[in-house]
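Asks: Build me a model:
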Amino acid sequence: MNLFNDIRALVIRSLEDMAAEGTLPAGLDLSAVAVEPPRDAAHGDMATNAAMVLAKPAGMQPRAIAEALAARLLADSRVTLAEVAGPGFLNLRLAPGVWQGLVGAVLTAGAGYGRSTLGAGQKVNVEFVSANPTGPMHVGHVRGAVFGDALAALLGFAGYDVTREYYINDGGAQVDVLARSAYERYREAHGLEPEIREGLYPGDYLIPVGEALKAKYGASLLDKPETDWLVPVREFATTAMMAMIREDLATLGVRMDVYSSEKALYGTGRIEAAIDRLRGMGLIYEGVLEPPKGKVPDDWEPREQTLFRSTAHGDDVDRPVKKSDGAWTYFAPDIAYHWDKVERGFDQLIDVLGADHGGYVKRMKAVVTALSNGRVPLDVKLIQLVKLFKNGEPFKMSKRAGTFVTLRDVVEQAGAEVTRFVMLTRKNDAALDFDFDKVLEQSKDNPVFYVQYAHARVCSVLRKAREAGIACDDATLAAADLARLDHPAELELIRRLAEWPRLIEIAARGHEPHRVAFYLYDLASDLHGHWNRGNEETSLRFVQEGEVETSQAKIALARAVAVVISAGLGILGVTPAEEMR
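Replies: A predicted model of the protein is given here:
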C-alpha cells in the first residue's frame, strides 16, 4: 500500500474526468503531476502540483484548475480538506480513518509493506568493490561494499531483478607486482632474506602465501629466472588474494552473484570483437590527440593512436584504446567487459567506483551508450573517502596490510552491522568521518543505537503486553479498533509510516540507499518522542491498564513502527535488536 500513490491516482482520475466533461482540454500529459508531503506540515497532509504543471499546456490560470480539482477531490470520502494555496498549489487533508487504516495495512503486509513494483522486473547489474586482487580489502573498499550491497537490496525491494557483480582486475601489471611480492615471501619461507624493494607489496598478509607456495612447489622455484615462475606464482597468489577478499566480504555480510575476470578477456578475441563493433559504427579511428589542457608535461609528444570517438556520445575528448606500441590501454578490456554486460541482457548498469575514478565516468557512459544503441543506461556512483578516528586521533594503519587500515580492522573494532549502518549515514559522494568511539556509544548521536533502541522498545512493549495477557499477534492487532488512535501525536507517527513506500521509490530511482538510513533515524526519533510524551500524558502509553482494546490499538501502532524499522534495517544489512544490552 502506497498512500501517496493512491491519492495521486485519485488526482489523475479527477483530472481525466475534468477533461472528459470539458473543464480541461483533452489529451494533456499528466505524467508530471505529483502528490507529496507539503513543505509545511501545518498546511495539510499532502499537496499536489497538478494545477501548476497543467496551467500552461491547458492555457488556463492555475488557480482556476486548482479550484475545480478541489471540488472533485472533496467528493471522495478520504479527503476532508482541499485548499488552494499561493498561485495554485492544492493542499489536502485526509480523514483520520485513512491514517488509522494504514496501521492495519502495515501489519497485514508485514515485511512486504513498502515493497514496490517500480522496477517491474527490469534486470539491473550492480558492479561494486572490484578491488585489485593484491591484498586484503581496506576501509575505502568497506564503504563501496556496503553502498553497493545496500543499493542492490534497495533495488530488489523496489521490484528490480538485481545481480551483484565483482570485476576481478587480474589482467594488469599490478598482479605481476603481486607475484614478485609473493615470490619474496616464498624465498622467506625457505629461510632466505626477502627483498621487499620499493614498489612491492610489504604487508605481512603475503607470508602465509609464501609458505603455501613452498608447500606446493618445494624448492623447485628457487634460483629460477622470473620467466619460469612468474605465471604460476601470479595465478597462485591471485587465487589466494581472491579467497581472502571473499572472506572479507563475508565478514561484512556481502555476497556476490557473479565474479568476472579481466584476465579472461585477453586472448579470447572478446576485446577485439568489442572494438570491431565500435569500428563498425564509425567510432574507432587512428588519430592524434590534442595536448592536455593547462601545462603540457615535458615528456608529452603527439603520436598516432587508435582512438574511440567518445565525444560523439558526450565525452570531453576521444579516448585511446590501443597504445602506439600496439598494446591495449586499460580502457579496452573495460569496453569489452561492459559490452559483455549489455549482451547478457541487463536493462540498467550501475558501477560503484572510488572517488579517484571521476575521470572515468564520461568515457564509460559514452561507450555503453554506443554499444547498446542508447538502450542501456549506465550510472556511475563515486564513493568518497572515509576518515577513521579513535580516542580523538586518526586510526593507525595496519601492520598486517603494510600501508592501510583493513576491512577486518574496522569490523573487529566496530562490528559488521554497526559498520554497515554508519557507512550509509552520508551520501556516497560526501566524505565520511568514522569515529570508533562515537559509533559504539549509546546515545542519540549514534544513529545505529538510536534506531535499534526504537525497535527494542517496541519489542519490550510486546513482552509487557503478553505478560498482561493481551493478545498481540499481528493478525489480532490489525483487526483492532484502530479508530482509537485519534490523538494528533499518534496520527503524526502514522503519517511518518505512510512515507515509507514513497521513500523506497525515491531512493531506488536515485540509487540512494542513504535515504533509508536517514528515514529510519527520523522514524526512530518520532517513536522515542512519542514514548517520552507517554511519560507525561498517560493516555498515550502503548499499554493501558485494564483497557485491552485500547491497548491493542496502540500496540498495533508500535508494532507497525517495528515492522518498518525491521524492513529498513534489512535493506541496510542490519539485524533489528529485540533488546539492548
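
Asks: what stretches of the stretch 201-350 of the chain score poorly on pLDDT?
Replies: Applying pLDDT under 70 to the stretch 201-350 of the chain flags the ranges 299-300.

Asks: For it, just list every one of the strands.
Replies: All strands of the stretch 201-350 of the chain, identified by DSSP state E, counting those that start in this stretch, fall at 258-261, 284-287, 305-308, 319-322, 348-354.

Asks: Please name whichever of those is nearest to Ala150.
Replies: Minimum separation from Ala150 across these (CB to CB) falls at strand 348-354, 10.5 Å. No exception for glycine: its C-beta is placed from N, CA and C like everyone else's.

Asks: what sits up against the very next helix or strand once past that closest one?
Replies: Sequence-wise, the next helix or strand downstream of strand 348-354 (DSSP states H and E) is helix 361-371. Helix 361-371 is contacted by residues 274, 277-278, 281, 283, 308, 310-316, 319, 331, 334-335, 338-339, 342, 349, 351, 376-378, 380, 382 when judged by CB atoms under 8 Å, 6 or more residues apart in numbering.

Asks: Apply 6 Å and report the result again.
Replies: Contacts to helix 361-371, defined as CB atoms under 6 Å, 6 or more residues apart in numbering, come from residues Leu283, Ser310, His313, Gly314, Asp315, Arg319, Ile335, His338, Trp339, Val342, Leu378, Val380.

Asks: My guess is the second one contacts Val321. True?
Replies: Right, the one you point to is Ser310. No. The criterion here is CB atoms under 6 Å, and Ser310 misses it with Val321 at 9.9 Å.

Asks: nearest to Asp40, of the strands of the stretch 201-350 of the chain?
Replies: strand 348-354 (35.4 Å).

Asks: counting contacts, what elements does that closest one pack onto?
Replies: Judged by 3 or more CB pairs under 6 Å, 6 or more residues apart in numbering; DSSP states H and E, strand 348-354 is in contact with strand 123-127, strand 378-383.

Asks: relative to strand 348-354, how tilted is the last one?
Replies: Counting by axes from the mean of the first three to the mean of the last three CA atoms, to 10 degrees, strand 378-383 lies at 20 degrees to strand 348-354.

Asks: after strand 378-383 comes which helix or strand?
Replies: Next along the chain after strand 378-383, taking DSSP H and E as the criterion, comes strand 386-390.

Asks: what's the answer for the first one, then?
Replies: Beyond strand 123-127 in the direction of the C-terminus, DSSP H and E gives the next helix or strand as helix 139-157.

Asks: neighbouring contacts of that following helix?
Replies: Contacts to helix 139-157, defined as CB under 6 Å, 6+ apart, come from residues 115, 124, 126, 128-129, 131, 162, 164, 252, 254, 352, 383, 386, 405, 407, 410, 420, 423-424, 428, 507-508, 511, 513, 571-573.

Asks: CA atoms only: put that helix into CSV for me.
Replies: Taking Å, rounded to 0.1, in the frame of the first residue of the first chain, the C-alpha atoms of helix 139-157 are listed here in CSV:
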residue,chain,number,x,y,z
VAL,A,139,38.5,0.9,4.6
GLY,A,140,37.7,2.6,1.3
HIS,A,141,36.5,-0.7,0.0
VAL,A,142,34.3,-1.1,3.0
ARG,A,143,32.2,1.9,2.1
GLY,A,144,31.9,0.9,-1.5
ALA,A,145,31.0,-2.7,-0.5
VAL,A,146,28.3,-1.5,1.9
PHE,A,147,26.9,1.0,-0.5
GLY,A,148,26.7,-1.4,-3.4
ASP,A,149,25.2,-4.2,-1.3
ALA,A,150,22.6,-1.9,0.2
LEU,A,151,21.8,-0.4,-3.2
ALA,A,152,21.3,-3.9,-4.6
ALA,A,153,18.9,-4.7,-1.7
LEU,A,154,17.0,-1.5,-2.1
LEU,A,155,16.5,-2.1,-5.8
GLY,A,156,15.4,-5.6,-5.1
PHE,A,157,12.9,-4.2,-2.6
